[in-house]
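**Student:** 3D model of this:
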Amino acid sequence: MFIVTARLPKKRLLAASAAALCCVFAVLAFTLTLGGRAVAASAEVKNVKTNDDRLAYLNGLGWQVSPQPLATEELLIPEEFGDSYQGYLKLQADQGFDLTQYRGKRVKRYTYQLTNYPAQDEPVQVALLIYRGKVVGGQVQSSSGSFVHGLTLPEPAPSAQPSPPQGQADSAAL
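**Tutor:** I've put the predicted structure just below:
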């Protein structure tokens, strides 16, 4: 049996401890500001092979969807992206997905009906792009095509609080 001893000056030990503590707080702050949903939507998630896996992924993002997909399609990601793809590539890149890695590959698109989209009269759908069990892209879209956005659940609009009439505000201050 060997015993090793080391002598560390207290100032160095305190400085190292303070630096480690700062790193821990920085990681915690970063994690809390991102929130669980944003991280899940921005990273390519693996092992999404079954319908239950896809439903769990969407539920993790805060979405409630129909139990079965409305459509399942096989798509070919083009080798060359024309100008018409630039907006879609940016939408995917903003979520952390890079479709350029999948040029010439066949992906499956699973489209589900959303049941909890906030304040929307027309049907809204969510589509996931899956390549070999990995989520590589996706979007939320209205059925009519009036809007398309990323997979994250939109923040609820702030409720408008009616302001009191001018006369009442002045008398309340007295």
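
**Student:** could you find the closest non-adjacent residue to Tyr85?
**Tutor:** Leaving aside its chain neighbours, Tyr85 sits nearest to Pro78 (7.3 Å; criterion: Cβ to Cβ, 6 or more residues apart in numbering). For glycine as for every other residue, the C-beta is placed from the backbone atoms N, C-alpha and C.

**Student:** strands of the chain, start to end?
**Tutor:** Under the criterion DSSP state E, the chain contains strands at 71-76, 106-113, 124-131, 134-142, 148-149.

**Student:** let me know which of those is the nearest to Asp94.
**Tutor:** Closest approach to Asp94 among those (Cβ to Cβ): strand 148-149, 9.5 Å.

**Student:** related to what we said a few turns ago, redo the strands of the chain as TSV? Include mean pLDDT.
**Tutor:** Output for those, formatted as TSV (pLDDT from 0 to 100):
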stretch	mean pLDDT
strand 71-76	96
strand 106-113	97
strand 124-131	96
strand 134-142	95
strand 148-149	92
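
**Student:** export the ones you listed to TSV and tack on mean neighbour count and distance to Glu155?
**Tutor:** What follows is the strands of the chain, written out as TSV (neighbours: other Cβ atoms under 10 Å; distance: least, Cβ to Cβ, whole Å):
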stretch	mean neighbour count	distance to Glu155
strand 71-76	11	28
strand 106-113	18	21
strand 124-131	20	16
strand 134-142	21	13
strand 148-149	13	12
